[in-house]
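> only geometry, no sequence info:
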């Protein structure tokens with residue numbers, strides 16, 4: 001990074017509910033606050049990956065009222081005032097905007113570099129990841145640059161968003177520290193299986209990992225262009241930061257923010273109209289998984305095809321491909337295959353691995369039937 005670049009801050013988005021990880025994931029203890037893959041929680045693993053790059057004074061977390069106490073306990077090295085609390089969910093454009101206006105007040109020059117990162121992803125190559133993040137920050141130091149990390153696809157996945165990069169020969173690309181930042185042609189959300197197969201075969205498409213890098217000024221300029229009402233509300237909120245008026249202003253102005261993802265709000269329109277901002281994607285081979293379901297946990301932890309993955313004491317007789325999470329009870333699995341079994345003190349989930357994406361429907365049913373103790 002050049003000497004002219006502003007200070008870099010990491011913004012960890014940690015407000016999701018993780019409904020597909022019920023019954024372990026609950027309103028006050030969602031996926032990012034659990035040890036889904038490893039001894040440490042997903043949030044703690046995220047902090048550990050970032051600590052070599054950012055001082056604790058340059059790390060922020062955006063969460064909500066239900067989770068703030070647990071977030072602060074798990075992020076104890078980070079100043080408590082760097083845990084920003086959304087009064088209610090308004091999607092990623094609003095959450096990032098909240099962090100952006102706080103950084104306006106934090107940095108004396110009124111600008112900063114933002115690394116916007118999810119709290120609940122698994123990254124198996126943290127050193128490689130940090131190398132890519134350094135490159136992304138260098139590219140994002142350009143005043144009109146919006147940068148996203150793209151994961152080279154390993155299969156025609158229909159549950160992810162895709163990023164089409166401009167071919168190298170035609171790309172307004174940037175090369176830094178041996179890494180290519182390609183101009184983005186377009187974003188595509190969750191394609192059909194046929195399209196996904198074509199995307200993977202073409203070699204031009206990457207999975208959108210939801211990791212973004214830009215200057216605060218670049219983000220706010222694009223927010224003003226594409227979401228002017230949201231920008232105006234955030235600017236009004238910014239005037240109250242550090243005053244006794246902040247809490248009331250946060251409640252009032254947040255209700256006026258548009259409920260939309262940053263991908264739809266800024267990145268997609270910017271990629272279609274490069275006169276005002278340039279959108280880049282950096283390929284990142286970092287052994288990444290968003291761990292979006294119990295089936296993804298199985299795939300991550302299984303050491304071979306058909307292996308059983310378990311916590312606690314499990315006897316498997318003619319049983320294969322099962323994920324069994326029961327740390328306190330002995331489990332005997334006889335003649336069953338490809339199941340997910342998750343036991344907590346008040347609930348038991350049993351489903352096939354191929355239906356693991358549907359666990360969120362259980363949470364909706366519990367909500368509809370007002371079984372709040374199970375949420």
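Cool, got the structure. Since the structure is predicted, the reported quantities are computational estimates derived from the model, not experimental observations. Numbering: from 1, shown residues only.

> Output the below-cut-off pLDDT ranges for this protein.
Low-confidence segments of the chain, defined by pLDDT under 70: 1-4, 168-179.

> run the last query once more with 80
1-4, 108-110, 167-179, 274-277 (pLDDT under 80).

> Now do the domain split for it, please.
What automatic domain parsing lists as the domains of the chain is 8-289, 294-374.

> Check the ones you listed for me and report the most buried one.
domain 8-289 (a mean of 19; mean count of other CB atoms under 10 Å). No exception for glycine: its C-beta is placed from N, CA and C like everyone else's.

> Report the distance from that domain to the chain centre.
6 Å (CA atoms, centre = their mean, to the nearest Å).

> What's the end-to-end length of stretch 11-21?
24 Å (CA to CA, to the nearest Å).

> how much space between residue 324 and residue 101?
Applying CB to CB, to the nearest Å, the value for residue 324 to residue 101 is 46 Å.

> Shouldn't residue 221 be within a helix?
Yes: assigned with DSSP: H, G, I helix; E, B strand; the rest coil, residue 221 falls within a helix.

> Next, find the distance separating it from residue 143.
Taken as CB to CB, the span from residue 221 to residue 143 is 9 Å.

> Residue 355 now?
For residue 355, the distance to residue 143 - CB to CB - is 48 Å.

> Please apply the same query to residue 103.
Counting by CB to CB, the gap between residue 103 and residue 143 amounts to 16 Å.

> do the same with residue 259
29 Å.

> Ok, residue 275 next?
Residue 275 is 14 Å from residue 143, by CB to CB.

> do the same with residue 55
From residue 55 to residue 143 the distance is 24 Å (CB to CB).

> Give the other helices and strands that the helix or strand hosting residue 164 contacts.
Secondary structure assigned from DSSP states H and E places residue 164 in strand 161-165. In this structure, strand 161-165 packs against strand 145-151, strand 179-189, helix 193-202, strand 205-215, strand 278-283, with contacts taken as 3 or more CB pairs under 8 Å, 6 or more residues apart in numbering; DSSP states H and E.

> So residue 189 versus residue 257, what's the distance?
Separation of residue 189 from residue 257 (CB to CB): 21 Å.

> With residue 364 instead?
Taking CB to CB, one finds residue 364 at 25 Å from residue 257.

> same deal with residue 243?
For residue 243 relative to residue 257 (CB to CB), the value is 20 Å.

> swap in residue 196?
For residue 196, the distance to residue 257 (CB to CB) stands at 32 Å.

> So residue 63 belongs to a strand, correct?
Yes: using three-state DSSP, the assignment for residue 63 is a strand.

> Contact partners for the residue lying closest to residue 290 once chain neighbours are set aside?
Residue nearest to residue 290 in three dimensions, not counting chain neighbours: residue 121, with 5.3 Å by CB to CB, 6 or more residues apart in numbering. Contacts for residue 121 (CB atoms under 8 Å, 6 or more residues apart in numbering) come out as 42, 46, 209, 210, 288, 289, 290, 291.

> Touching, the fifth one and residue 122? I think so.
Yes: under the criterion of CB atoms under 8 Å, residue 288 is in contact with residue 122, at a separation of 7.0 Å.

> could you show me where the helices are in this protein, in order?
Assigned by DSSP state H, the helices in the chain fall at 42-50, 68-74, 91-106, 126-140, 193-202, 216-226, 228-238, 246-254, 262, 268-272, 294-301, 359-368.

> Minimum distance to residue 22: which of those has it?
helix 359-368 (5.2 Å; CB to CB).

> do you know how far residue 262 is from residue 214?
From residue 262 to residue 214 the distance is 10 Å (CB to CB).

> and if you look at residue 250?
Separation of residue 250 from residue 214 (CB to CB) stands at 23 Å.
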